[in-house]
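Colleague: predicted model, plus sequence, below.
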Amino acid sequence: MTPQSELFEGQAPPPLARRMAPRSLDEFVGQELLLGPGKPLRQLIEKDVVTSLILWGPPGCGKSALAGIIASRTKSELVRFNAVTSTVDDIRQAHKEAQGRRAMGKRTILFMDEIHRFNKAQQDALLPDVEEGTFILVGTTTHNPFFAITGALISRSRIFSFNPLPEDGLITLLKRALSDQERGLGGKGIEADEAALKAIARASEGDARTALNTLELASFTTPAKAKKVRITAEAVAEAIQKRHLRYDRDEDEHYNIISAFIKSMRGSDPDAAIYWLARMIAGGEDPRFIARRMMIFASEDVGNADPRALLMAAAAMQAVEQVGLPEAQINLAHVVTYLACAPKSNASYMAIAGAMKDVEKEPLKEVPIHLKDANYPGAKTLGHQKDYKYPHDFPGGVVEQSYMPDPKVYYQPTDRGAEAKLKEYLTQIRKRRAEH
């Protein structure tokens, strides 16, 4: 066993997370649905029939580590690129080198980290080599590939979705790092109690890289006693300072959490809605984005069941603009709980959706002549507004006359909340109009 002092002689060792990257499928922790015995991705690797892959998942779930395992297991040459720093010229150079290896019967795996950072033209530059098999592309991304990667590249690759590591998986990795004398902290007199390991795992949000780097930081900052370092939950709290939150305003977690937020309000669960609101605020989401979504929700999902809902949502937006965070979180919570508890109706949303569909697909209806504008010279000579009945001149402010050719019902009020009264009133009007 080679000690670290010899492995990294003359230079600072890499971070613990890099040193503890799995070297084989047996060392890999998590992703059992993909890499467990007999599972699809494991079979591709073990049978050495790997094709171009897109590995999609949150940070620290093992995507990059797997690329190295694939290269060693399949005995292919691994060429590492990062889409942030690589260019089309780099791809051309990789193409030439891969052709040379191919001529000698050796395959090349082009590992492209953060492939979503490549623009469309750069992604298209990969297509000929992927299609011809000059190299096997293994791309990793934290973004939804169906949005961030071109359809042509997706159609030539297999997509595998990775999940955040569970807490027990993170604890397994932390214990391995503490005991490993070749790459980890083993043999250095560093220990951690169970509470400390659980605290690290819980705070790391499924990110193995964060967990291992937190352990290493805690080992540096915990005072030694009798040549031993005992990492406690308190030492972990000091090392972390602020809990890591898996949230990025332009990545999948952003869309997943706002989706959960909206669905919780729609489902009349104020507790869940408040939790997802807190996640967004703690993750640094723009409060104006949250308020805009609440304004849409007020009309789409509450509507006339509670006409005050839109006023409340608009007030939330105004509060966000004038008060700002952190205090505006109270205003947002006020309105979120109101919207979640309000009676629900999507009748207005369904009405405009139906009308828009007819406008886009059906022949356009002519405005009835008695409804046409007559406020310009000569309009009345054309018959505009002839026989128009002014509703306010009739009992109840309602008069039987047609307002569109071939009338069709779009708005169908529910019997929930304030909309129930609208339904009753509108039913009477429609009945009178139908009889006329």
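Modeller: Yep, it's here.
Colleague: drop to CA atoms for contacts and neighbour counts, all remaining ones
Modeller: Will do.
Colleague: show the subsequent helix or strand relative to the lowest-mean-pLDDT helix or strand in the chain.
Modeller: Ranked by mean pLDDT, DSSP states H and E, the weakest helix or strand in the chain is helix 4-7, scoring a mean of 41. Sequence order places helix 16-19 as the next helix or strand after helix 4-7, per DSSP states H and E.
Colleague: any idea which helix or strand comes after that following helix?
Modeller: That would be, after helix 16-19 and using DSSP H and E, helix 32-35.
Colleague: which residues does that following helix contact?
Modeller: When contacts are defined by CA atoms under 8 Å, 6 or more residues apart in numbering, helix 32-35 is touched by residues 25, 39, 40, 41, 42, 160.
Colleague: stretch 361-370 too?
Modeller: 383, 384, 385, 386, 387, 388, 403, 404, 405.
Colleague: ok, those residues vs residue 212, which is closest?
Modeller: Ranked by distance to residue 212 (CA to CA), the contacts of stretch 361-370 are led by residue 404 at 68.2 Å.
Colleague: that's a helix at the closest one, yeah?
Modeller: No. With DSSP: H, G, I helix; E, B strand; the rest coil as the criterion, residue 404 is located in coil rather than a helix.
Colleague: how close does it get to residue 151?
Modeller: 44 Å (CA to CA, to the nearest Å).
Colleague: distance of the residue nearest to residue 23 when sequence neighbours are not counted relative to residue 159?
Modeller: Leaving aside its chain neighbours, residue 23 sits nearest to residue 69 (6.0 Å; criterion: CA to CA, 6 or more residues apart in numbering). According to CA to CA, residue 69 and residue 159 sit 18 Å apart.
Colleague: if we can go back for a sec, what's the ChimeraX syntax to select whichever of the contacts of helix 32-35 are buried?
Modeller: Applying 16 or more other CA atoms under 10 Å to those, the buried members can be selected in ChimeraX as follows:
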select :25,41,42
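Colleague: how confident was the prediction at residue 247?
Modeller: At residue 247, the model reports a pLDDT of 58.
Colleague: all the helices of the stretch 151-300 of the chain, in order from the start?
Modeller: 151-155, 167-179, 194-203, 208-221, 233-240, 252-266, 270-282, 287-297 (DSSP state H, counting those that start in this stretch).
Colleague: compare the mean pLDDT across those helices and name the weakest.
Modeller: helix 233-240 - the lowest mean pLDDT of the helices of the stretch 151-300 of the chain, at a mean of 81.
Colleague: any residues touching that one, and which ones?
Modeller: So helix 233-240 is in contact with 193, 195, 196, 197, 199, 200, 214, 215, 217, 218, 221, 222, going by CA under 8 Å, 6+ apart.
Colleague: buried residues in that helix, which are they?
Modeller: 233, 235, 236, 237, 239, 240.
Colleague: now swap in stretch 312-331 and tell me
Modeller: For stretch 312-331, by 16+ other CA under 10 Å, it's 312, 313, 314, 315, 316, 317, 318, 319, 320, 328, 329, 331.
Colleague: from the chain's centre, how far out does whichever strand or helix holds the fourth one sit?
Modeller: Okay, so that is residue 315. Using DSSP H and E, residue 315 sits within helix 308-322. Its chain's average C-alpha position is 26 Å from that of helix 308-322, according to CA atoms, centre = their mean, to the nearest Å.
Colleague: from residue 66, how far off is the residue lying closest to residue 40 once chain neighbours are set aside?
Modeller: With sequence-adjacent residues excluded and distances taken as CA to CA, 6+ apart, residue 40 is closest to residue 34, at 5.9 Å. Distance, residue 34 to residue 66, using CA to CA: 11 Å.
Colleague: what about those two, which has more around it?
Modeller: residue 66 (20 against 16; other CA atoms under 10 Å).
Colleague: okay, now the unreliable bits of the stretch 1-150 of the chain?
Modeller: 1-12 (pLDDT under 70).
Colleague: at 80 what do you get?
Modeller: 1-13, 68, 71-76 (pLDDT under 80).
Colleague: was I right about residue 15 contacting residue 211?
Modeller: No. Counting by CA atoms under 8 Å, residue 15 does not reach residue 211; the two are 11.7 Å apart.
Colleague: residues contacting the residue nearest to residue 313 when sequence neighbours are not counted?
Modeller: Sequence neighbours aside, residue 295 is the residue nearest to residue 313 in space, at 4.9 Å (criterion: CA to CA, 6+ apart). Counting by CA under 8 Å, 6+ apart, residue 295 touches 310, 313, 314.
Colleague: ok, these vs residue 146, which is closest?
Modeller: residue 313 (32.4 Å).
Colleague: against residue 416, how distant is the closest one?
Modeller: Relative to residue 416, and taking CA to CA, residue 313 is found at 20 Å.
Colleague: and what of residue 333?
Modeller: When residue 333 is compared with residue 416 (using CA to CA), they lie 24 Å apart.
Colleague: what's the answer for residue 165, then?
Modeller: Taking CA to CA, one finds residue 165 at 44 Å from residue 416.
Colleague: so the two - more neighbours on which side?
Modeller: Taking other CA under 10 Å, residue 165 and residue 416 do not tie; residue 165 has more neighbours (22 against 17).
Colleague: ramachandran coordinates for the closest residue to the more buried one other than its chain neighbours?
Modeller: Leaving aside its chain neighbours, residue 165 sits nearest to residue 206 (4.3 Å; criterion: CA to CA, 6+ apart). Per-residue torsions, residue 206: phi 80, psi 10 (degrees, to the nearest 10).
Colleague: so who does residue 206 touch?
Modeller: By CA under 8 Å, 6+ apart, the neighbours of residue 206 are 60, 61, 164, 165, 166, 167, 170.
Colleague: where does residue 60 land in three-state SS?
Modeller: Criterion first, three-state DSSP; result for residue 60: coil.
Colleague: surely it touches residue 209?
Modeller: Yes. Using CA under 8 Å, residue 60 is in contact with residue 209, at 4.9 Å.
Colleague: ok so, going back, show the buried residues in the contacts of helix 233-240.
Modeller: 196, 197, 199, 200, 214, 215, 217, 218, 222.
Colleague: just those residues now: which is nearest residue 396?
Modeller: residue 199 (68.3 Å).
Colleague: not counting its neighbours along the chain, what's nearest the closest one?
Modeller: residue 233 (6.2 Å).
Colleague: any chance of the contacts of helix 32-35 in CSV, plus distance to residue 181?
Modeller: What follows is the contacts of helix 32-35, written out as CSV (distance: CA to CA, whole Å):
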residue, distance to residue 181
25, 20
39, 31
40, 33
41, 30
42, 28
160, 33
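Colleague: biggest separation within the contacts of helix 32-35, which pair?
Modeller: 25 and 160 (16.0 Å).
Colleague: show me the helices in the stretch 301-436 of the chain, by range?
Modeller: 308-322, 328-341, 347-361, 419-435.
Colleague: which stretches in the stretch 1-150 of the chain count as helices?
Modeller: 4-7, 16-19, 32-35, 40-46, 63-74, 88-103, 120-132, 145-148.
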